[in-house]
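Asks: Take this sequence and fold it.
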Amino acid sequence: MLIRLAMVLMLGSTAHAQVGIATTNPNATLDVNGNLKIRVIPEETNPTNVKDSVMVINEGFVKSLPASALIKASLPTTIKGSFTSAGLIDLTLASGSVKIPFNNEVFDTNNEFDTVTNTFTAKQDGIYVVASQIKAAGISVATNFGITILKNGVVQNRNSFANIGVGVLGVTINVTPPVRRVETILQLITGDTISFGVESTLESLSLLETNQDSFFSIHQIR
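Replies: Coordinates of the predicted model:
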């Protein structure tokens, strides 16, 4: 059998550009229509001789893929974002809410957050922990102010409440911290989007843009 196979391969290499085994219509240099069994595979003992690639099968074709690309494709999502500057960002809340324009990636392992649209788009199904914090400047007493997490444009979680004031010697002092933070766990499928929003009874407000005050994170846990 081995002699016959060798003869087929030798004849095929001179008479035809492609050789088929168990097929009369090969579409590769060697097209095997069936199982492939290798009884002995020598072990490479010198790691420096191994190229930075692995063999993969795509629609039956054996190909090579850089090992770094394979590792990157299987890495879970890990993102932290913020604003590019450290000043104030002014927001207009004509309808009572507005998307937070996070436009800076501290890191983004799978390149899933768009700093132009301020939106995360999932590249793989999974369970994700999503969190964000913002700090407002100049929020007055009794002003409702909050932060939301939106999946595909629909609010999933919020942390929103009015500021509280305390009267001291006839003067009302705002005692509520200007920070709002929200965190949740979401199940996402490929193509789902995540964005962050501000809601308030004010027509406009300002957020501190420093990384320590306003930021978000997305972490895939499975």
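Asks: which residues sit in contact with the residue nearest to Phe216 when sequence neighbours are not counted?
Replies: Leaving aside its sequence neighbours, Phe216 sits nearest to Ser132 (Cβ to Cβ, 6 or more residues apart in numbering; 3.9 Å). Bear in mind the C-beta positions are built from the backbone N, C-alpha and C, glycine included. Listed by Cβ atoms under 8 Å, 6 or more residues apart in numbering, the contact set of Ser132 reads 100, 147, 149, 181-183, 196, 215-217.
Asks: and which of those is nearest Phe107?
Replies: Ser217 (9.8 Å; Cβ to Cβ).
Asks: Regarding that closest one, which helix or strand does it belong to?
Replies: Under the criterion of DSSP states H and E, Ser217 resides in strand 215-220.
Asks: other SSEs contacting that strand?
Replies: strand 78-82, strand 126-137 (3 or more Cβ pairs under 8 Å, 6 or more residues apart in numbering; DSSP states H and E).
Asks: Kindly state which of those strands is positioned closest to Val62.
Replies: strand 126-137 (29.2 Å).
Asks: So for the closest one, what gets flagged as buried?
Replies: Under the neighbour-count criterion of 16 or more other Cβ atoms under 10 Å, strand 126-137 has 126, 128, 130-136 buried.
Asks: now those in a markdown table, with distance to Leu205?
Replies: Listed next are the buried residues of strand 126-137 as a markdown table, based on distance: Cβ to Cβ, whole Å:
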| residue | distance to Leu205 |
| --- | --- |
| Gly126 | 34 |
| Tyr128 | 28 |
| Val130 | 23 |
| Ala131 | 21 |
| Ser132 | 16 |
| Gln133 | 15 |
| Ile134 | 10 |
| Lys135 | 11 |
| Ala136 | 6 |
